[in-house]
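>>> quick one: sequence plus predicted model below, questions after.
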Amino acid sequence: MREFRKFLLIAGFGLLVCATGASADSVNLVQNPGFEGGYTAWNMSVLDIAYGGPGGDWPQAHSGYDYDALPSSGYIEQSLPTLTGATYELTFWEADEYNGSNMTLSFGSDQLYTGSSPGGGGNGSTLNWHEFTYSDLVADSDATELKIAGVGIALDDFSVVETAPPPANVAPEPASSLHIVLFLPVVAALERFRKSSFCRN
C-alpha cells in the first residue's frame, strides 16, 4: 500500500509537469504586440506609431497609449518563431481612419484577407476598434511572416498563439522531450510496484 501511494504521488507530479509544459504553448509569439515599445520587433515601411493617450493628437488606442497607424499606403511585418506543422490562432484589433480604407493580411504563404478594410468606416477623429480572429492557421516553416498592408487603417494588440502541436511524424519540441524524460520516474515506480505486488503474492 505504501508503494502504491508513492506511485500515485510520482504519477501526479509527472502529469502536473506535462500539463504545465502544455500551457506554455499559449504564449504570445508576437513581440511588442501593442506597439508600446515603438517600432521594436516590427519591420515597417512607414514609421508611424500613433500616441492615443492623454494630451495626444491622435484618437484613442485600443489598449495602452500607442498603436500603429497607416494613414498612407504602407505595411508592417514581423517574423514569428513557429513550428512547422503546428496550428495557430491570430487575433488583432483594427480600426479605419476614414472611409475607403483597405487592408491585406497574410500569415506565411496564406493570404487571409484582401480588400476593403473589414473594420467599417471611420471619420479620422475617433476610432471604432474591431477584433479579428483567424483560427486553424498551419505554419509551413519554423519562421512565419505576419504581414499587414493597407491604407487608412490603425492596428493594435496582436496575438499569435499555438493551439495544436505539429503532427506526430514531426520531430518533437525540446520541451516535449523534457516531458518524456520527467515522466520516466512514473514508469519506473509503476514497474517497482508491479514487482513488489508479485513477490507478496
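Structure received.
>>> going forward, measure contacts between C-alpha atoms and count neighbours the same way
Fine.
>>> pull the CA atoms of stretch 84-103 into PDB?
C-alpha atoms of stretch 84-103 as PDB (Å, rounded to 0.1, in the frame of the first residue of the first chain):
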ATOM      1  CA  THR A  84       6.400  23.600 -38.900                       C
ATOM      2  CA  GLY A  85       3.100  21.800 -39.000                       C
ATOM      3  CA  ALA A  86       1.800  23.400 -35.700                       C
ATOM      4  CA  THR A  87      -1.600  25.200 -35.700                       C
ATOM      5  CA  TYR A  88      -2.000  28.800 -34.600                       C
ATOM      6  CA  GLU A  89      -4.600  31.400 -33.900                       C
ATOM      7  CA  LEU A  90      -4.200  35.000 -34.800                       C
ATOM      8  CA  THR A  91      -6.100  37.900 -33.200                       C
ATOM      9  CA  PHE A  92      -5.700  41.600 -33.500                       C
ATOM     10  CA  TRP A  93      -7.700  44.900 -33.300                       C
ATOM     11  CA  GLU A  94      -8.200  47.100 -36.300                       C
ATOM     12  CA  ALA A  95      -9.900  50.500 -36.900                       C
ATOM     13  CA  ASP A  96     -10.500  52.500 -40.000                       C
ATOM     14  CA  GLU A  97      -9.200  56.100 -40.000                       C
ATOM     15  CA  TYR A  98     -11.500  57.100 -42.900                       C
ATOM     16  CA  ASN A  99     -13.900  55.700 -45.500                       C
ATOM     17  CA  GLY A 100     -12.200  53.900 -48.300                       C
ATOM     18  CA  SER A 101      -9.600  52.200 -46.200                       C
ATOM     19  CA  ASN A 102      -8.200  48.900 -47.500                       C
ATOM     20  CA  MET A 103      -6.200  46.000 -46.000                       C
END
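>>> state the mean pLDDT of it.
For stretch 84-103, the mean pLDDT works out to 92.
>>> so for it, what gets flagged as buried?
Burial within stretch 84-103, assessed by neighbour count using 16 or more other C-alpha atoms under 10 Å, is assigned to 84-98, 101-103.
>>> what are the contacting residues of the longest strand along the chain?
Longest strand in the chain, counting residues (DSSP state E): strand 153-164. Residues lying outside strand 153-164 but in contact with it, judged by C-alpha atoms under 8 Å, 6 or more residues apart in numbering, are 25-30, 33-35, 61-63, 66-71, 86-98, 101-103, 117, 136.
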